[in-house]
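>>> Sequence and predicted model, in that order:
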Amino acid sequence: MAGKLEDFRPPAKLKLSALWAATMFCYVYGDFFGLFRPGKLMAMNAGNIGPLGEATPGVLVGVSILMAIPALMVALSLLLPPFFSRWLNILFGLAYTGIMLLTMQGAQPFYVTLGVIEVMLTLGVVWVAASWPKTAD
């Protein structure tokens, strides 16, 4: 019984959704692990969001939107028509790669580790979307 293992070739939509889901897990774990830094919870209780300053309603809405986009891309990658999905994935994949590269400079080693993985995942999003297979039509 020396046969080859059966392989499944997921469509681009499924690959993109999986890449965004993995990216979101890294974001969540990075934020969670950050809570273990000395003084972090005290700063949060004082209403401070690190480099963003005071946790005003506007700042919290902005951060909420920033984190909602990758979460929505998990679903939108599957649900949108290919043309729109492709371009949104390229746009947001590049945007979140850039955001991560900017935010991990001088960060804690755990954050840089997750950040490198996140950059690889979001560049993977760009690659899959940019190389989306075309039909024979």
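Looks like it came in fine.

>>> Next up, the contacts around the most centrally placed residue in the chain.
Nearest to the mean C-alpha position of the chain, by C-alpha atoms, centre = their mean, lies Thr23 at 3.8 Å. Counting by C-beta atoms under 8 Å, 6 or more residues apart in numbering, Thr23 touches 70, 96, 118, 121-122, 125. C-beta here means a position set from N, CA and C on the backbone, and glycine is covered the same way.

>>> which among the residues you listed gets closest to Lys4?
Relative to Lys4, the closest of the contacts of Thr23 is Leu121; by C-beta to C-beta it sits at 28.4 Å.

>>> what's the model's confidence in stretch 50-62, averaged?
The average pLDDT for stretch 50-62 rounds to 88.

>>> how about the CA coordinates for it, as CSV?
The C-alpha trace of stretch 50-62 is given here as CSV (Å, rounded to 0.1, in the frame of the first residue of the first chain):
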residue,chain,number,x,y,z
GLY,A,50,0.1,52.8,24.8
PRO,A,51,1.3,54.8,21.9
LEU,A,52,-2.3,55.9,21.0
GLY,A,53,-2.6,57.8,24.3
GLU,A,54,-5.9,58.2,26.1
ALA,A,55,-8.7,55.7,25.5
THR,A,56,-11.2,58.2,24.2
PRO,A,57,-14.4,57.0,22.5
GLY,A,58,-12.9,58.1,19.1
VAL,A,59,-9.7,56.2,19.6
LEU,A,60,-11.6,53.1,20.7
VAL,A,61,-13.8,53.3,17.6
GLY,A,62,-10.8,53.7,15.4
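
>>> got the buried residues for it?
Ala55 (16 or more other C-beta atoms under 10 Å).

>>> what's the answer for stretch 72-88, then?
Under 16+ other C-beta under 10 Å, the buried positions of stretch 72-88 are 73-74, 76-77, 80, 85-86, 88.

>>> can I get those in JSON lines with distance to Leu66 and pLDDT?
JSON lines is the format used below for the buried residues of stretch 72-88 (distance: C-beta to C-beta, whole Å; pLDDT from 0 to 100):
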{"residue": "Met73", "distance to Leu66": "12", "pLDDT": "98"}
{"residue": "Val74", "distance to Leu66": "15", "pLDDT": "98"}
{"residue": "Leu76", "distance to Leu66": "16", "pLDDT": "98"}
{"residue": "Ser77", "distance to Leu66": "18", "pLDDT": "98"}
{"residue": "Leu80", "distance to Leu66": "20", "pLDDT": "98"}
{"residue": "Ser85", "distance to Leu66": "20", "pLDDT": "97"}
{"residue": "Arg86", "distance to Leu66": "22", "pLDDT": "98"}
{"residue": "Leu88", "distance to Leu66": "15", "pLDDT": "98"}
